[in-house]
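Enquirer: Kindly return the folded structure for what I paste below:
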Amino acid sequence: MKVYNDYFGRFGGRYAAEVLRTPLDELQAAFTGAIADPEFLAELDRLGRQFAGRPTPLTPAVNAAAEIGGAAIYLKLEGLANTGAHKVNNVIGQCLLAQRMGKPRVIAETGAGQHGVATAAVSARLGLECRVYMGEVDVRRQRPNVFWMDLFGAEVVPVGSGARTLKDAVNEALRDWSDSFERTHYVIGSAMGPSPYPDMVREFQSVVGREVVEQCRQLGVEPAALVACVGGGSNALGFFAPHLEAPEPRLIGVEAGGRGPALGDHAARLSGSGAPGIVHGYKSLFLTDGDGQVAETHSISAGLDYPGVGPQLAHLGDSGRVEFTTASDDEALDAVRTFARSEGIVFALESAHAGAAAIKVARSLPDDANVVVNVSGRGDKDLFILARALQPGRWAEFLKREAQEIEDA
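Expert: Numbering: from 1, shown residues only. Reported below is the predicted structural model:
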């Protein structure tokens, strides 16, 4: 039986308020029991296949690779999973745990909205009450996902405190959970938070990495590098999971380089200036200001706009097993355009950071090498951001016409 630990090197732990000790202990026991229970695993697999649509494809990006030069590129299309991203894998597992613990209500935080959409959708399927906390800034820039959460029957709560982004949504969700844990489970969306969340999220997301191993075997592909974007770390850890104890392939995590290197203009913790700290119940690397306070961050992608990183990824950066780099806002936009025009695939802006880095990695490798990119989500959710950035004039005219038609109706 696998042993789950509170710490990954110097990072991790359970730095939670006393009121949360009981639900965290309960969750640890439920997860440890469930992950060893064949009936639970069978239901997790069934919902993964019948509801989420697993396995997702691994497709060669033949046209893009020819245009870019260097190594062949393969795309793991998690955006084709139900709800449009990898987030649903973890949500199915945690919502099944909520049922196992007799909790009829779940809450979640969300940045880009994909975790919120997945939680709302799975809650609808399983008959759970659902509330999602989302920063006001993210509510505005990810309006399509707010619509879908509403449609699935979730209550979306805009958070107006702090920077009004993901960090602040987490704060509000923790407050809710402290007051309601007897009937509520908090579905954390990334591999962060107090133990057992980092272990739990990685395990539920590791289906991505296992599928890639089998799909590469079937295709006769030996990856030289795996590339994934890194916000909190759920898609990267799930993708990297089968290889963490092996020396190969290269594992490359891509953070948000944002607008530039100044504090407040990016969200690069491991490849930037992250410092050890304790936030949201766990010890990891966080971006902080001169007074040691959590700093504001920026990314064109709401899902990477977070000042910290999951503790296991912080440890893997310490050990050197995972390499970390950045992609800027502009590089992410260029990657969206490149893969859309060459492959007919629209990356989510988060995933586009991985796509941008993969282009550089591919060019640095010989043409008989292979690079696999985790396309953790599709770009439908980013329509308003992408259209404004790539076609501002035409998009503005369209919105004006739509607004006028609504007024006239």
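
Enquirer: Which strands or helices does the top strand by length along the chain pack on?
Expert: Counting by DSSP state E, the longest strand found in the chain is strand 250-258. Counting contacts by 3 or more C-beta pairs under 8 Å, 6 or more residues apart in numbering; DSSP states H and E, strand 250-258 packs against strand 225-229, helix 311-319, strand 322-328, helix 329-343, helix 349-364. Backbone N, C-alpha and C define where each C-beta goes, glycine included.

Enquirer: So for the longest one, mean pLDDT?
Expert: Confidence over helix 349-364 (mean pLDDT, whole number) is 98.

Enquirer: buried sites along it?
Expert: Neighbour counts over helix 349-364 (16 or more other C-beta atoms under 10 Å) mark 349-362 as buried.

Enquirer: Check the second one too.
Expert: Within helix 311-319, the residues scored as buried using 16+ other C-beta under 10 Å are 311-317.

Enquirer: helices or strands up against it?
Expert: Counting by 3+ C-beta pairs under 8 Å, 6+ apart, helix 311-319 packs on strand 7-8, strand 11-12, helix 197-219, helix 234-240, strand 250-258, strand 282-286, strand 322-328.

Enquirer: tilt between that helix and strand 282-286?
Expert: 50 degrees (axes from the mean of the first three to the mean of the last three C-alpha atoms, to 10 degrees).

Enquirer: do the fourth one as well
Expert: What separates the directions of helix 329-343 and strand 282-286 is an angle of 90 degrees, with the same axes, to 10 degrees.

Enquirer: just to revisit the earlier point, so which of the helices and strands packed on helix 311-319 comes closest to Ala85?
Expert: Comparing the helices and strands packed on helix 311-319 by their distance to Ala85 (C-beta to C-beta), the top pick is helix 234-240, with 8.0 Å.

Enquirer: Can you pull out the residues in contact with that closest one?
Expert: 76, 78, 86-87, 89-90, 189-191, 201-202, 204-209, 212, 226, 228-230, 251, 253, 310, 312-313, 316, 322, 374, 376 (C-beta atoms under 8 Å, 6 or more residues apart in numbering).

Enquirer: can you do 7 Å?
Expert: Residues from elsewhere that reach helix 234-240, judged by C-beta atoms under 7 Å, 6 or more residues apart in numbering: 86, 89-90, 189-191, 201-202, 205-209, 212, 226, 228-230, 251, 253, 310, 312-313, 322, 374, 376.

Enquirer: Sketch out the strands for this protein, chain order is fine.
Expert: 7-8, 11-12, 58-60, 72-77, 105-110, 129-135, 155-159, 184-186, 225-229, 250-258, 275-279, 282-286, 322-328, 370-375.

Enquirer: Just the C-alphas of stretch 6-16, formatted as PDB.
Expert: Provided in PDB are the C-alpha atoms of stretch 6-16 (Å, rounded to 0.1, in the frame of the first residue of the first chain):
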ATOM      1  CA  ASP A   6       2.600  15.400   4.800                       C
ATOM      2  CA  TYR A   7       5.800  16.800   3.400                       C
ATOM      3  CA  PHE A   8       7.800  16.800   0.200                       C
ATOM      4  CA  GLY A   9      11.300  17.700   1.300                       C
ATOM      5  CA  ARG A  10      11.000  21.000   3.100                       C
ATOM      6  CA  PHE A  11       7.600  21.800   1.600                       C
ATOM      7  CA  GLY A  12       4.000  20.800   2.400                       C
ATOM      8  CA  GLY A  13       2.500  20.200   5.800                       C
ATOM      9  CA  ARG A  14      -0.800  21.000   7.300                       C
ATOM     10  CA  TYR A  15      -0.800  24.600   8.600                       C
ATOM     11  CA  ALA A  16      -4.500  24.900   9.200                       C
END
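
Enquirer: Relative to the whole chain's centre, how far out is the longest strand of the chain?
Expert: 13 Å (C-alpha atoms, centre = their mean, to the nearest Å).

Enquirer: rewinding a little: of the buried residues of helix 349-364, which is the nearest to Cys95?
Expert: Distances from Cys95 to the buried residues of helix 349-364, taken by C-beta to C-beta, are shortest for Glu350, at 22.5 Å.

Enquirer: In contact with the closest one: list those residues for me.
Expert: 112, 229, 231, 301, 303-304, 376-377.

Enquirer: Let me know how buried the closest residue to Gly238 other than its chain neighbours is, in neighbour terms.
Expert: Leaving out its chain neighbours, the residue that sits closest to Gly238 by C-beta to C-beta, 6 or more residues apart in numbering is Gln205, at 2.6 Å. Using other C-beta atoms under 10 Å, Gln205 is surrounded by 27 other residues.
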